[in-house]
Every structure is written in C-alpha cells, then in structure tokens.
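Chemist: Here is a sequence with its predicted model. Questions after.
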Amino acid sequence: AEGTPDELQIVLGWIINTRLLIICLPIDKFNTWTIDVRKIIDNSLHRITEQDLASLIGRLNHAAHVIPLSRPFLNRLCHHLQEFQQQNKRIASRRLHLRLSYEEIEDLKLWLTFLKRAAEGLSLNGLVIQNSTRMTISDSCPYGLGGVTSSGRAWRLKITLAAPFRGKS
C-alpha cells in the first residue's frame, strides 16, 4: 500500500497534492503553530522562555522551507535568541524569559499570514530551483535604454529629442 500511486501524500510533514500541484501545511500543525504565535502576541509583556522561542523558531523555519520569501522575517527572532544564549550561557536554567521587541512581534503577526497561506496551499512551482535559460543585462537613462543578452547581442532604444520625458543634455 505504501508504494501505490496517490494524489495526496504526506512528505516531511507537508501534504503534497499531485493533482493540484500544491503543497499544504497540515491543519493540525497550522492550528498548533498559530495558537503558539498568538499566545506570544497576545501576552501583554511579550515574554517567552528561551526553550519556547527556540521551538517556535524551529517550527517557523520548517515553514520557511516552503515559503522562501518568509525567511528574512525570522532573522530578528534568531538573532535575539542567539544573543540571549551567549549572554546567559553560564546559567543552566531554561526558565529565563526573553522580552520580544515591537518589530519581533510585528514579524510574528506577519508569520500568522504566512502560516495561513501555507495551510491553504502553495504552488509546487515555487519550490523548484532552476537555472535561467536566458539572461540579459539592461540599463536606462534619461536619453534611452540599452542592454546585452547572454549571447553577446546588444540592443538600444534611443529617446528622441522631442520626447517630453527626455533628459536635459
């Protein structure tokens, strides 16, 4: 039964729908992770233990593998945890609390949107890494446009003297 074709498969904690070509965060993970994020946001002191923050970062990092553009919004949290661990490495207790900044809370609010989108489903095309088949370099200035393709072919487009948007010479 494991090797039979199926439209829905769970792979590495993600639901892959081969008919629709989408990948989704399972609803149980979505609910649990969303509750964890909301607890931190709704906490008036915005305090979290080191262990809970490390766990949350791990979960959000798991989601970031499927939502690559979300990764920069983990930077502040990771940096805060790293600094905290370096300052308190001689203290063995994991019950110390960190206070999150306004920006970190705003990042977590944005993560709620990312998680919702992941639960709804994301295109598998966003996961495919491919090399471009054609590359061009172009530039513009007030006098025209120009560029060069990867094959070495150059092009330019001059702006006439009468054009109202032409730069002053």
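Modeler: That came through fine. Remember, it's a predicted structure, so these values are computed and weren't measured experimentally. Residues are numbered from 1 along each chain as shown.
Chemist: tell me which residues of stretch 127-141 are tucked away?
Modeler: The neighbour-count check on stretch 127-141 (16 or more other C-beta atoms under 10 Å) flags nothing as buried. From N, CA and C alone the C-beta is placed, and that goes for glycine too.
Chemist: Going forward, the N-terminal residue is numbered 610.
Modeler: Okay, using 610 as the starting number, the last item reads as stretch 736-750.
Chemist: what is the mean pLDDT for that stretch?
Modeler: For stretch 736-750, mean pLDDT rounds to 73.
Chemist: now do stretch 672-687
Modeler: pLDDT averaged over stretch 672-687 gives 91.
Chemist: So the spatially most central residue of the chain versus Leu754, what's the distance?
Modeler: Centroid-nearest residue in the chain: Ser679, 1.4 Å away (criterion: C-alpha atoms, centre = their mean). In this view, Ser679 and Leu754 are 34 Å apart by C-beta to C-beta, to the nearest Å.
Chemist: What of Ser747?
Modeler: 7 Å.
Chemist: Can you list the helices and strands that the helix or strand bottoming out on mean pLDDT in the chain packs against?
Modeler: The helix or strand with the lowest mean pLDDT-type score in the chain, counting by mean pLDDT, DSSP states H and E, is strand 745-750 (a mean of 76). Counting contacts by 3 or more C-beta pairs under 8 Å, 6 or more residues apart in numbering; DSSP states H and E, strand 745-750 packs against strand 753-758.
Chemist: pLDDT averaged over the strand it packs on, what's the number?
Modeler: Mean predicted lDDT for strand 753-758 stands at 83.
Chemist: okay, it in PDB with CA atoms only?
Modeler: Listed next in PDB are the C-alpha coordinates belonging to strand 753-758 (Å, rounded to 0.1, in the frame of the first residue of the first chain):
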ATOM      1  CA  GLY A 753      17.500  55.900 -23.800                       C
ATOM      2  CA  LEU A 754      17.500  52.200 -22.900                       C
ATOM      3  CA  GLY A 755      20.100  49.600 -23.700                       C
ATOM      4  CA  GLY A 756      21.300  46.100 -22.800                       C
ATOM      5  CA  VAL A 757      23.300  43.000 -23.600                       C
ATOM      6  CA  THR A 758      22.000  39.400 -23.800                       C
END
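Chemist: Mind checking what helix or strand follows it in sequence?
Modeler: As assigned by DSSP states H and E, the chain's next helix or strand after strand 753-758 is strand 763-767.
Chemist: And the contacts of that next one?
Modeler: Tyr752, Gly753, Leu754, Gly755, Gly756, Val757, Thr758 (C-beta atoms under 8 Å, 6 or more residues apart in numbering).
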